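Chemist: Got a predicted model here, sequence first, then my questions.
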Amino acid sequence: MAAPIRILTAVPICDGHDSAINTINLEFIRHGIEVVYLGYHRYAEDIVRAAIQEDVRAIGISSYNGGHVEFFAEVVRLLKKQGADDIQVFGGGGGTITHEDQKVMERRGVDKIFFAGTPLSEMVEFVHDRYGKAKRGKKAPTAEMKLARKLTEIEDAYAKGKKKRPTPNAKRLTSNRKQGSGKNNRKRVIGFTGPGGAGKTTLIDELVLRLLHREPKTRIAILSHDPSVVGEGALLGDRATMINSQDERVFMRSMATRGQAGGLSPATEDCLRLLAESPFDYVIIETVGTGQEAMPFRSKLIDETVLVMNPDYGARLQLQKIVMLDLADIVVVNKSDQDRARTAALEIKRRLEQNKRPQKLISTVAKRHRDRGVDKLCDLLTEKK
Amino acid sequence: MSKLGRVVEAVENYNRFVLDEVRRARTETKFGQQLLERWNRIKANTPIGRAPTGLPLPRLALPEIDEPGEIARYLLGDGLPGEFPYLNGAYREMYLEPLREEGSYGNEQEKNGHGKNGHSKNGKKGVAKLAETEEPTRLFSGMGLAEDTNERFHYLGAHQRSKRLSTAFDGLTLYGIDSDAPGVFGKIGEGGVAVDTVEDMERLYAGFDMGAPSFSASMTISGPAPIIMAMYIAAAKRRFGPSVVPKLRGTIQADIFKEVQAQNETIFPVEASLRFLADMMEYTTREMPRWYPVSISGYHIGEAGATPVQQAAYTLSNGFAYAEMMAARGIHVDQFGPRLSFFLDCGLDVEYIALARVSRRIWAIGMRDAFGAGTKAQMFKLHTQTSGRSLVAAEFKNNLTRTAAELMLAYMNGSNSCHSNSADEPFTTPSEEWIRLSAHGQAILLDESGIFKHTMNMLSGSPGMKAVERAVEAAILEEFRQIEELGGVVAAIEHRYQRSQIQNAAHRYEEQIYDGTRSIIGLNKYRNANEKPPKVELVRTPRAKKQIQVDRLKQFKKRNAAKAAKALDRLAAVAETDENCFPALLEAAEVCSLGQISGRLQEVVGRFRPMV
């Protein structure tokens, strides 16, 4: 089976019109396309960085607020400048992009503009026909691009069935990263998991904000997962909410689970190993929202496992069933401004005491700016060992 | 239970109360008699006017009923125009032309029709009447630099008695970003006017008497609304002195909830946005009694793809949530309630026959019975805009007809003011040719035609309209229950409830266009295969103008650098506390740019994290 096409979609800076792109995204993923959605109000620079890191075949831009001629051209220009002009740019803006504009835009290197009234099926067909095969130009000119392409190769090898994920009981390779990938042994690989809606993505983004701020040279890699629609595409939307992680010093990759249960992709382990061996100070991996019985991380590559919970997990009995509570190094009760949070923290504390090992418990409100709890989590994760 | 749950209860109780009263009117002779007497009195006191053709018509039309139960159902369930629960209108006379000379119809003057000379003959009295009745036409505009929009304002207002300016800002302003920021040059002055500083604000309304009763400004901006409000006040003070502040009339949209649910122009986290909003509302409620500090907007919810019922339900529930927020600050509902206003979309779906009517009724009952509001705070004051989303690029001149039909629906719903879209809007910010046609559409409907100017209730209360009212009200209450179940408006927002409902509706709408369930003439029906791309005049801002904006902003910043630094420090210090920061914002607005202020506040409260 061929690997799904990956594209990136976004709405330009100072434009919040996301109704069209939401509808188009939905149609794309229903037809086998994996869409990395960057969201609305995005700078050309952020779009290009994301497209390169995600190694997508094309960028789709939906613009309704004017200034499209300049904006599309800027995206094309930046791609060229980075040597990433194998990534195509297409888009539309209803009636706001005129036929004259289209001519100018295509002259400046835009691949295709869709006009008002184009059926969704036509766009889907276009993406399949035009971007069905990778057009690899020259060798990847930058290290970042090399890494991005390598990750695609790993992912696609699994999708094409050339590689199979080892069964969970199989012996794992141990990583050689601790023998010194850099100047110190501070490198951390941190795994975040927890139920959907607990606020993992926000928490990670707040953590990234602090790491970037505290350590002016730190480089961070993020491997985030979103579920595939059964047997089809996927909407990879974490970047849209991770506003602080769209940064020069952050390498982020969004992966679809591609049919695997447990919150990770068949290719995760290999991709994670590659990132762990690359020059990053922190590698953060986030699972899809998981159920009670899930224990997504068994990889030896992970130094610290963080379980993020919502105070609203139901009755105390439920806690007994959450397997990750036994395995996590740090348990975070997020949204601790909710009524039930104090009780929840107490219940979890007692539950952790049964494990008789040094697990940490932290309460956070990740959505709150400069939250003390997130500060504490950051302290814990950056502590020298 | 949040207040929204109580609103649901209040409406249910009120509907039961009406039924009980209907029964009582039929069984208690005395009560029935009283109602009959009142009914006859209303009819007897209704003045009779005449159409230009000489046809006599009552100024208020009433259903032909003479049975006490039915009279009770009408008076209590619907209410006369201007009476609780305001189904038929917030005011008694709405768009009626003034009575010329009471009791003197049919004389010589009348036969000449309502010509231009009509006013002068009535002397002072007539003039006074006309001054009170302002036109409900509002045309939203904004383009290029402040001076360009100012010119458009003067063009549009040239023939209007009252100057009611409605301002559209460019994307940069809506997101609180300065024109000299990197990577945004192409966006300056596109889709609206570029405003960076108090000086731009002065240019924008130059030549208008900002303190005059015949002047009002409406500003469509929400994310940085408190900052823009402060700049508006600062500009008015520079031109007319501090005494102008209590005289300022107008509206600022400032609706954070709908931004988070649909329009996506939010710059601070929700809680901080609400705090800045409440700070501003506290100030305007106290110092600017004629100002509407929030326009609770369903328009953008509708435009993002919501069904009409979703639009009304989310807008009303947002309104109740603002009321709850202000009440929690210890401000009495009768103080802020009358300063809340609403803004709805009007498209071509059948619900729009009665959407605003039902909304007005629910708001009145909810405010009275769940919030204890007095008469003025019960009134749902509505601005309507015809649907931009309903306009299509294919055979775009059909958009004139679409807008005309929508306008008709909007006025049938008793909207207090209206904006009609221009036919060229699928392509561009409207050009003068098309904006003129859209303005004239309103004049033709209200002034040239006799539909709305002779008789109130001309088109209210048909059996079909009643059927729509019932169905729409039930559906809105059901939406309220859903939101209540999630813990109220703010909690539902965090669950992405409204957003996901709107997105699903938008997707369904598109599917319906492509599968033909929904006819769009010229697009999926009667399509002209030979249609060529239309030649439309595009309104775009030239590079040279954009550069002017950047240059003068840089000069402003240089000139005010020292003062700005101090003002920003003070603002940040207040923002760190629980104090009202609007006074500090007012000071900052004199010397700082929009981007400087929003950037500094973001350092204190954080940036908005978008929801997908």
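Modeler: Structure's in. What do you need?
Chemist: Report how many residues lie close to the closest residue to chain A within the stretch 201-350 of chain B.
Modeler: Relative to chain A, the nearest point of the stretch 201-350 of chain B is residue B:264 (3.0 Å; C-beta to the nearest C-beta). C-betas here are computed from N, CA, C, even on glycine. Using other C-beta atoms under 10 Å in any protein chain shown, the number of residues around residue B:264 comes to 26.
Chemist: Once you drop chain neighbours, what's closest to it?
Modeler: Sequence neighbours aside, residue A:16 is the residue nearest to residue B:264 in space, at 3.0 Å (criterion: C-beta to C-beta, 6 or more residues apart in numbering or on different chains).
Chemist: And for residue B:6?
Modeler: Nearest non-adjacent residue to residue B:6 (C-beta to C-beta, 6+ apart): residue B:370, at 4.1 Å.
Chemist: right, and the secondary structure at that neighbour would be what?
Modeler: helix (DSSP: H, G, I helix; E, B strand; the rest coil).
Chemist: which residues are contacting stretch B:512-519?
Modeler: When contacts are defined by C-beta atoms under 8 Å, 6 or more residues apart in numbering or on different chains, stretch B:512-519 is touched by residues A:119, A:120, A:121, B:509, B:511, B:520, B:523, B:524, B:525.
Chemist: how about 7 Å then?
Modeler: With C-beta atoms under 7 Å, 6 or more residues apart in numbering or on different chains as the test, stretch B:512-519 has contacts from A:119, A:120, B:520, B:524, B:525.
Chemist: What parts of the stretch 1-150 of chain A come near chain B?
Modeler: Residues of the stretch 1-150 of chain A found near chain B (C-beta under 7 Å from any C-beta of the partner chain) are A:13-16, A:18-19, A:22-23, A:26, A:37, A:39-41, A:43-45, A:65-67, A:70-71, A:94-96, A:98-99, A:116-117, A:119-120.
Chemist: Any quick PyMOL command for the buried ones out of those residues?
Modeler: Remark: buried members of these, expressed as a PyMOL selection using 16 or more other C-beta atoms under 10 Å in any protein chain shown:
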select buried, chain A and resi 13+14+15+16+18+19+22+23+26+37+39+40+41+43+44+45+65+66+67+70+71+94+95+96+98+116+117+120
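Chemist: Narrow the residues of the stretch 1-150 of chain A next to chain B to those in strands?
Modeler: Among the residues of the stretch 1-150 of chain A next to chain B, the members found in strands (DSSP state E) are A:37, A:39, A:40, A:41.
Chemist: Now do the same contact list for the second one.
Modeler: By C-beta under 7 Å, 6+ apart, the contact list for residue A:39 reads A:10, A:240, B:610, B:612.
Chemist: Buried among the residues you listed? Need that as a selection in PyMOL.
Modeler: The following PyMOL line selects those of those that are buried, judged by 16+ other C-beta under 10 Å:
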select buried, (chain A and resi 10+240) or (chain B and resi 610+612)
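Chemist: Please produce a markdown table containing the contacts of residue A:39, extended by secondary structure.
Modeler: Below are the contacts of residue A:39 laid out as a markdown table (three-state DSSP):
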| residue | secondary structure |
| --- | --- |
| A:10 | strand |
| A:240 | helix |
| B:610 | coil |
| B:612 | coil |
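Chemist: Among the contacts of residue A:39, which one sits closest to residue B:184?
Modeler: residue A:10 (15.2 Å; C-beta to C-beta).
Chemist: quick one: average pLDDT of stretch B:591-601?
Modeler: Stretch B:591-601 carries an average pLDDT of 98.
Chemist: residues in contact with it?
Modeler: Against stretch B:591-601 from outside (C-beta under 7 Å, 6+ apart): B:173, B:176-178, B:181, B:195-197, B:224, B:227, B:267-268, B:553, B:556-557, B:560, B:563-564, B:567-568, B:571-572, B:575, B:588.
Chemist: where does the chain have low pLDDT?
Modeler: Since you didn't name a chain, this refers to chain A. Regions of chain A meeting the criterion pLDDT under 70 cover residues A:1, A:137-138, A:165-186, A:231, A:293, A:317, A:385.
Chemist: I was thinking of chain B, sorry if that wasn't clear
Modeler: B:100-134, B:137-139.
Chemist: Go through it and flag its longest helix.
Modeler: Looking across chain B with DSSP state H, the single longest helix is helix B:3-27.
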